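In: one predicted model, sequence on top.
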Amino acid sequence: MSDFDPGRRRFLGHLGLLGAGALGAGSLLSACASSAGGSSDKASGAITLQSNLSSPQAKTAMEKLVADFNKLGKGTTTLNTVASETFRTQLPTYLTSANPPDVYTWYAGSVANDYASKNLLLDVSDVWKGLADYPQSLRTLSTDAAGKQVFVPMNNYWWGFFYRKSNFAKWGVQEPKTWTEFLALCQTLQGKGIPPIGIGLGDTPWVASAWFDYLNIRVNGAPFHRELLAGKQRFDDPKVKAVFTKWAEALPYFDPKGKAYPFQEATTALLAGKTGMFLIGTFFADAAPKDALGDLDFFRFPIIDPAVPVAEEAPTDGFFASAKTANPAGTKALLTYLASAEAQEAYIQSSSGIVLPANPKAKAADSPLVVKGKAMLDSAKELTQFFNRDSSDALQPTADTALTKFIDKPDQIDAILREWQTSAEKVFKG
Amino acid sequence: MAVPVSTLPRRRQPRLSPLLAAFVLVPFAIESVWVFWPALQGFWFSFTRWDGMTPPRFVGVDNYTELAGDPTFRGALLNTVIWLLLFGGLSVAGGFGMALLLQRDRRGVGFYRAALFTPVVFSLVVTALVWRVFYQPDGLADTILRGVGLEHLIRPWLADPDTALYAVILPALWRQIGYVMVLYLAGLKAIDPALHEAARVDGASAWQRLWKVTVPQLKGVNAVVLSVIVIDSLRSFDIVWSLTRGGPYHSSELLSTYMYSTAFQGLRLGYASAIAVVIFLLALAVILGYLVRAFREEENA
């Protein structure tokens, strides 16, 4: 959901013609609908797989999967890779168009459920009948409010404080377990003249949401967090303010330059030893040079209240299908293939990603980092997705505004939370 | 007294040639589908609540009452006015100044003209990438300030709410000045040198010739420049979006970026359409205001 994307320009070209063009922006959505059509005009026709996995390695991996599936003789699939930001803004258009692509890469959780509640997603309970050995947590995650499965998970990844082993050894510091140890570590690093906590908010302000998510699930627990993001709790609740009180304790240790550059540059800063550690998802390693990968390690977000059951962020990626597909049988065959152990292993081998396959029989890469990540997620009592995945893409900008403002002006927290509640209400209202 | 009909010269029925009709009607048909109809729809959407997926629901003037009480919208409106004044004013002043400096053919003048016009050739997104490198922490801007001993001024230019808007105006100006310069150069070339000659003979100073001869002669160009600037200011979207996305926390938000993020990030297409209507009215008011005044002066003259 992050990268700078020149593909958007095409879209904006339309906004260019100001007066009238500006007014037309809304109807662009409907205008574009006709162009989003797939090639599924016959029940036995080819299936279109619309993919946002546009980074070179992930794209190659998807191409290989599609080629392998086509060899099976259960149908023909064409892969259509779209830049991820374009994909995100166009997804509602794809799904509501008259002749939509059949299968989509996307996220599990409330994002998928939201589309399901509008009857836009194909019921894939049939596919799930063959996925009996998938863990219950993934089944629950893929089930909509009406009790049918609408999502097929492919893999998930984790978030944590990443650091370079060699740097921690050089500075003579250890991984902290608790919040107190964490703050002490920050103080030590700052004493050595190193900005302890790296962050990258310029252009990628959503990275700050990881801090909010983690502090909230450590202080108030995952159930409260989910209710908050679903609009059943208020952002100006004192329990939410408690999250920011904790955050304020760590705020002096943030790298001040982190406000100005994106997370990719924050990664470079971490690898160059210009920051001590960085709370980020494993996808950041895509931007890391290969020789640095072996030196990377991470620790889980420190425990704040031992009484709160440990939850971790484990965003799950996978697929859903359009309810309007002309070839439901072929679509389900493709989804069944994508859920299989061999497909998921093939994906992991071809892609660079440090990810965990969803199929329990599929083998993850056997690097120490992946083993440690898997152990952390396996030991967690609860899993959350990420701010936008547990709520909606529409709520994400309200968080970006509130959190970047808090990092700048922590003393205005009461006003910030009131504003956040107001703008969140507008999003929930629609 | 009635004039006999037969004595009147026979009025030729104005027959429209098919070619002319095609030239008018074909673009009109295309514009209707791609511009007028969506524009009218935009007005309709501004009275609805719509997420782009479920059918729009009519809510009357709700969106407009919400706009009136929306602090982000007020901030964006204020920023747009600041943008219009600063970006517009400085690009006219800069472009006109450069045109005056570079209008006479001297050695190397072509090089300077080309240099000033080059930024116009770049896509705004490329411009944004270049300036982002310039502004980044420990980038060129910071290095220069350090070099001249002003390191206390260093700040995260694009991430500081006090500087973000101005840090975005600068690259936009960098580009626009070259464009306005070319418009004025063309205008200056069209002025009859005899007028200047006559003024000089009458003993007018260089300053008087500038204000009494050159400026009044540029009236036609001014109308073009003004329209271009107003339209460019109100649609200044790409440069802001690629540098700050209206952030940090809406401090560099313009009406255009707010409209985009409301529509395509917040999926509140009805509300975004209401913002679009405001932009449309704003552009119309400024440009119509100028045109009406210009026509009136023409009539009086």
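Out: Cool, the structure landed.
In: and residue B:103, its phi and psi?
Out: Phi and psi for residue B:103, reported as degrees, to the nearest 10, are phi -70, psi -30.
In: up against chain A, what does the stretch 151-300 of chain B have?
Out: Taking Cβ under 8 Å from any Cβ of the partner chain as the criterion, the stretch 151-300 of chain B approaches chain A at residues B:156-159, B:161, B:231, B:234-235, B:237-238, B:241-242, B:245, B:247-250, B:256, B:259-261, B:263-273, B:276-277, B:279-280, B:283-284. In short, each C-beta sits where N, CA and C put it, glycine included.
In: from residue A:239, how far off is the residue most central in space within chain A?
Out: Nearest to the mean C-alpha position of chain A, by Cα atoms, centre = their mean, lies residue A:315 at 5.1 Å. Here the criterion is Cβ to Cβ, to the nearest Å. By it, residue A:315 lies 24 Å from residue A:239.
In: all strands for chain B, in order.
Out: Ranges of strands within chain B are B:48-49, B:57-58, based on DSSP state E.
In: residue numbers of the stretch 201-350 of chain A in contact with chain B?
Out: Contact residues, the stretch 201-350 of chain A versus chain B (Cβ under 8 Å from any Cβ): A:201-203, A:205, A:256-257, A:259-261, A:265.
In: hang on, the earlier thing: deepest of the strands of chain B, which one?
Out: Neighbour counts (mean count of other Cβ atoms under 10 Å in any protein chain shown) averaged over each of these peak at strand B:48-49, with a mean of 19.
In: could you give the mean pLDDT of it?
Out: Averaged over strand B:48-49, pLDDT sits at 86.
In: any idea of the mean pLDDT in the helix or strand hosting residue A:170?
Out: Here residue A:170, judged by DSSP states H and E, is contained in helix A:165-171. The average of the pLDDT scores along helix A:165-171 is 90.
In: which neighbouring elements make contact with it?
Out: The contact analysis (3 or more Cβ pairs under 8 Å, 6 or more residues apart in numbering or on different chains; DSSP states H and E) places helix A:165-171 against strand A:296-299.
In: got the contact list for the strand it packs on?
Out: Applying Cβ atoms under 8 Å, 6 or more residues apart in numbering or on different chains, the contact partners of strand A:296-299 are A:160-165, A:168, A:175-177, A:285, A:288, A:369, A:372-373.
In: list the neighbouring strands of the helix or strand just after it plus their orientation.
Out: Downstream of strand A:296-299, the first helix or strand assigned by DSSP H and E is strand A:311-313. Sheet pairing for strand A:311-313, assigned by DSSP bridges, gives strand A:382-384 (parallel).
In: average pLDDT across the strand it pairs with?
Out: Per-residue pLDDT over strand A:382-384 has a mean of 86.
In: now do stretch A:189-205
Out: Mean pLDDT, computed over stretch A:189-205, is 88.
In: do the same with stretch B:99-107
Out: Stretch B:99-107 comes out with an average pLDDT of 81.
In: circling back: which of the residues of the stretch 201-350 of chain A next to chain B are buried?
Out: Listed as buried from these are A:201-203, A:205, A:257, A:259-261, A:265; burial here means 16 or more other Cβ atoms under 10 Å in any protein chain shown.
In: picking up where we left off before, so among the residues of the stretch 151-300 of chain B next to chain A, which ones count as buried?
Out: Using 16+ other Cβ under 10 Å as the burial test, those include B:156-159, B:161, B:231, B:234-235, B:237-238, B:241-242, B:245, B:247-250, B:256, B:259-261, B:263-273, B:276-277, B:279-280, B:283 as buried.
In: I figured residue A:134 was touching residue A:362, is that so?
Out: No. Residue A:134 sits out of contact with residue A:362 when judged by Cβ atoms under 8 Å, with a separation of 10.8 Å.
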